[in-house]
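**Student:** the sequence and its predicted three-dimensional model are supplied below.
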2 protein chains.
Amino acid sequence: MTEVKPMRADARRNYERLLEEAQRAFAEHGVEASLEDIARRAGVGIGTLYRHFPTRDALLETLLRTRFDAQAERARELLTHPEPLAALQAWLAGLGDATRTFRGLVELTADALSDESSRLYASCHEMREAGSHLVERAKTEGALREDVTTDELLLLLHAASWAGGHLPGPGGMHRLLALVFEGLRVS
Amino acid sequence: MTEVKPMRADARRNYERLLEEAQRAFAEHGVEASLEDIARRAGVGIGTLYRHFPTRDALLETLLRTRFDAQAERARELLTHPEPLAALQAWLAGLGDATRTFRGLVELTADALSDESSRLYASCHEMREAGSHLVERAKTEGALREDVTTDELLLLLHAASWAGGHLPGPGGMHRLLALVFEGLRVS
DNA sequence: TTAATATACGGAGGCAGCCTCCGATTGGCT
DNA sequence: AGCCAATCGGAGGCTGCCTCCGTATATTAA
């Protein structure tokens, strides 16, 4: 079942050229980069781009799926880290960095995480699961408030990443993430 | 100096019709609403819109300036509130609510606050000043960490507001803002 | 090799939005 | 009433989105 006929040689070539150029374009101009431009640079008609990737999201999803998988893997590795809270924070920081490779990506992933009908939702589901294990561990070891959910933490992380993107220098996100983790009250 | 000739009657009429329709359009479709549509609904040529408001930002700024002033005023009032930290939090919450009247407005104001060359920067300067007094008071009364700046707090607020906009239900922003204020560590 | 055919390609064309420019119009003043 | 500066309006040039379908070609079978 789900027999997958191999692509025709020219189709496969174009598919890969398109992904390369899309990566470049999104990195340079953000997730709103011109699709016509991507097709042009790939030396391909606009129709070909749309045949392979019916929507902008489909194209982005293809580029992002491997990254999500990498983040899931990283979460699993961090489960052996001796400090549960530090592990969680480190994982979130890495995730935040990843969402900054394309301008506008934070918005996209934040939406994907909360909208089950989103195309990207499924793609990042496994990653979320892996992350929630980190959260659970931090809670059971008494390092993290019980009343905070994984989704809230992910959203806070995305918020910090978003905010970091609206600061001039680099490192803004990490500073904000640290602020959130440390809390604001004088103790 | 700065003599201001009164506008011609038709010009003034169009100016006001445009502001009304712009308010409606931005509220309904977010800050990216079609300018041609606004002109159309105002019963005015697109050229007229551009003459009165050379850029989208100019139009938005005109709509927002009075709001910024209101926020500044509110900050001054809250200086008499007995609880400095609660006053600060209340002010930020109100500000956060205000940035949610137009979809996409958070991004705009966050940028405005950190980009001195922005058109909106000057508009919200007074508001920021008023807010920083609230921050200073909270610090001198030992209710707020000394190492947090007004700009960081404003950015965190905008981040919470942004994140709230990416959650399904309402009230998300307040919950996140509370989380930030309470801190995440088990104490 | 060649012929047949499923597969894939490309870009014209229709639509919408941005912004500029300039001939047509009109309010206000004498 | 008549003048003219102020104002208007929208055509036009551009870019980007997306669809549709006539054309080209990789593959397979003969």
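**Tutor:** Yes, it's here. Numbering: from 1, shown residues only, chains lettered A, B, ... in the order given.
**Student:** distance of the closest residue to residue A:92 other than its chain neighbours from residue A:20?
**Tutor:** Of all residues not flanking residue A:92 in the chain, residue A:157 sits nearest, at 4.4 Å (Cβ to Cβ, 6 or more residues apart in numbering or on different chains). Any C-beta I mention is one placed from the backbone N, CA and C, and that applies to glycine too. The gap separating residue A:157 from residue A:20 is 29 Å, by Cβ to Cβ, to the nearest Å.
**Student:** between these two, point out the one with more neighbours.
**Tutor:** The neighbour count for residue A:157 versus residue A:20, taken as other Cβ atoms under 10 Å in any protein chain shown, is higher for residue A:157 (28 against 13).
**Student:** helix or strand for that one, which one?
**Tutor:** Taking DSSP states H and E as the definition, residue A:157 sits inside helix A:150-164.
**Student:** do the same with residue A:20
**Tutor:** Using DSSP H and E, the element containing residue A:20 is helix A:9-29.
**Student:** let's test this: mean pLDDT of stretch A:61-70, rounded?
**Tutor:** Averaged across stretch A:61-70, pLDDT comes to 94.
**Student:** which residues does that stretch contact?
**Tutor:** Stretch A:61-70 is contacted from outside by A:19, A:22-23, A:26, A:53, A:98, A:109, A:119-120, A:123-124, A:126-127, using Cβ atoms under 8 Å, 6 or more residues apart in numbering or on different chains.
**Student:** in chain A, where is pLDDT below threshold?
**Tutor:** Along chain A, the model assigns pLDDT under 70 to residues A:1-3, A:183-187.
**Student:** who in chain A is up against DNA strand C?
**Tutor:** Proximity of chain A to DNA strand C, by Cβ under 7 Å from any atom of the strand, involves residues A:5, A:7-8, A:10-11, A:14-15, A:43-48, A:50-52.
**Student:** the residues you listed: which ones sit near DNA strand D?
**Tutor:** Restricting the residues of chain A next to DNA strand C to those near DNA strand D by Cβ under 7 Å from any atom of the strand leaves A:8, A:10, A:46-47, A:50.
**Student:** can you name the two of the residues you listed that sit furthest apart?
**Tutor:** Between any two of those, the greatest separation by Cβ to Cβ is 19.3 Å, found for A:8 and A:46.
**Student:** if you count neighbours, what's buried in stretch A:62-80?
**Tutor:** Judged by neighbour count (16 or more other Cβ atoms under 10 Å in any protein chain shown), stretch A:62-80 contains these buried residues: A:62-65, A:67-68, A:71-72, A:74-75, A:78.
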